[in-house]
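Asker: Turn this into a structure:
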Amino acid sequence: MSQSEQSSIHQEVTIKASPQRVYDALTTAKEFSAFTGGAPAEIDPTPGGAFSGFSGMILGRNIELVQNQRVVQAWRVANWNPGVYSIAKFELHADGSGTRLVFDQAGFPADQFEHLAPGWHKMYWEPLKKYLG
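Answerer: Okay, the predicted model is just below:
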């Protein structure tokens with residue numbers, strides 16, 4: 001299978017901040033907006049609650065929220081076909097004084113892998129490390 005046909009993404013990053021700080025950055029609109037460059041974000045931090053970020057370019061619903069441990073979202077890019085969502089899972093593990101974030105995403109359109117895989121690093125992990133570091 002070529003990389004462009006992959007249907008899932010698995011990434012692990014270490015962030016020099018507590019799981020609570022990472023969780024809050026992912027689930028609080030003000031913090032999400034701050035670490036992603038200031039674009040408007042809206043997040044209802046409850047299971048079933050809607051979220052949007054990057055001025056509405058990314059949107060979806062929180063499926064499961066376990067304080068300081070896990071965020072699972074039905075996640076989509078606004079220009080995907082209507083009704084198409086992927087599942088994005090952020091697992092947070094204490095790692096010394098930091099957090100090992102284990103990320104998995106599945107169910108996205110097959111032609112989106114080459115855009116999404118590096119996009120998580122550029123739009124989420126690098127800014128998150130800078131913001132919380």
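
Asker: So, low pLDDT: which residues of this protein?
Answerer: Screening the chain residue by residue with the criterion pLDDT under 70, one finds the ranges 1-5.

Asker: Can you list the residue ranges for strands in it?
Answerer: For the chain, strands defined by DSSP state E occupy the ranges 8-15, 42-43, 50-53, 58-66, 70-77, 86-95, 98-106.

Asker: export those to a markdown table and tack on distance to Gly119 and mean neighbour count?
Answerer: Glycine gets a C-beta too; all of them are placed from N, C-alpha and C. Output for the strands of the chain, formatted as a markdown table (distance: least, Cβ to Cβ, whole Å; neighbours: other Cβ atoms under 10 Å):
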| stretch | distance to Gly119 | mean neighbour count |
| --- | --- | --- |
| strand 8-15 | 10 | 15 |
| strand 42-43 | 19 | 16 |
| strand 50-53 | 12 | 19 |
| strand 58-66 | 10 | 17 |
| strand 70-77 | 9 | 20 |
| strand 86-95 | 12 | 18 |
| strand 98-106 | 10 | 18 |
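
Asker: In JSON lines: the ones you listed, plus distance to Met123.
Answerer: Supplementary listing: these in JSON lines, determined by distance: least, Cβ to Cβ, whole Å:
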{"stretch": "strand 8-15", "distance to Met123": "12"}
{"stretch": "strand 42-43", "distance to Met123": "16"}
{"stretch": "strand 50-53", "distance to Met123": "9"}
{"stretch": "strand 58-66", "distance to Met123": "9"}
{"stretch": "strand 70-77", "distance to Met123": "11"}
{"stretch": "strand 86-95", "distance to Met123": "12"}
{"stretch": "strand 98-106", "distance to Met123": "12"}
